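>>> Sequence first, then the predicted structure:
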Amino acid sequence: MFTIKNYFLIVLTLGGFSLSNAQTSKEMPKSFNEEQKKVYSTIRKMVTAFQNKNIEEVLSTYEENAVVMFEPQKPVKGKENLRNAFSKFVMFNPQYTFGGHEIYISGNIAKHVSPWSMVGKLPDGTEVSERGLSIAILRKQSDGSWLMIQDNPHGHYLLEMFKN
């Protein structure tokens, strides 16, 4: 059976994965304070840019040496590597639904947590679906904005391994 995990293994030789074409089932909680709203804004900016296949705008939401887990336990680092990975993955046109958003801030570090599900099509037309838990770590910049330093859409990986 073909799964999205198999696709990631194939695509990682060329490039990879992140949030895309998001359709949030639960928008920003009204209880978010101003800093949480800024963090959420960075996440939404990235998702919207990816939906529009604007890779440079996607990259603008990450620090220069950010790490993205396009596949569990296989980090990709640096803007050029991320540019390559995101550029390949937009061809997949995944559609995401998020199950909510939690944002925790400690000083100049924030963590965004969100469960997601995805459907998409491979270039050959094969439909795929997957779900997981996204965990992103952001750092507050000197201008007050927030940028991602770590992005892991596979935050559920170890839990799945623990079940087996």
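Cool, the structure landed. Numbering: from 1, shown residues only.

>>> doesn't Leu133 make contact with Glu102?
No - contact criterion Cβ atoms under 8 Å: Glu102 and Leu133 do not qualify, at 10.6 Å. C-beta coordinates here come from the backbone N, C-alpha and C atoms, glycine included.

>>> Which neighbours do the two have in common?
Counting by Cβ atoms under 8 Å, 6 or more residues apart in numbering, the shared contacts of Glu102 and Leu133 are 113-114.

>>> Please identify which of the two sits among more neighbours.
Using other Cβ atoms under 10 Å, the more surrounded residue of Glu102 and Leu133 is Leu133, with 16 against 13.

>>> quick one: low-confidence parts of this protein?
By pLDDT under 70, the low-scoring segments of the chain are 1-28, 164.

>>> Looking at it, which helix is longest?
Longest helix of the chain, by residue count under DSSP state H: helix 34-51.

>>> got a list of what Met118 touches?
Taking Cβ under 8 Å, 6+ apart, one finds 4, 94-97, 129-131 in contact with Met118.

>>> For the buried ones among those, write the corresponding PyMOL selection.
Only the buried entries of the contacts of Met118 go into this PyMOL selection, using 16 or more other Cβ atoms under 10 Å:
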select buried, resi 4+94+96+97+130
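
>>> what's the farthest-apart pair in the contacts of Met118?
The most widely separated members of those, counting by Cβ to Cβ, are Ile4 and Thr97 (14.6 Å).

>>> Around Thr42, how many other residues sit close by?
Neighbour count of Thr42, defined by other Cβ under 10 Å: 21.

>>> can you tell me how far it sits from Ile105?
12 Å (Cβ to Cβ, to the nearest Å).

>>> cool, Glu35 as well?
Applying Cβ to Cβ, the value for Glu35 to Ile105 is 5 Å.

>>> So the residue nearest to Pro94 when sequence neighbours are not counted, which state does it fall into?
Spatial nearest neighbour of Pro94, excluding adjacent residues (Cβ to Cβ, 6 or more residues apart in numbering): Gly120 at 3.6 Å. Here Gly120 is recorded as strand under DSSP: H, G, I helix; E, B strand; the rest coil.

>>> Many thanks, I have nothing further to ask.
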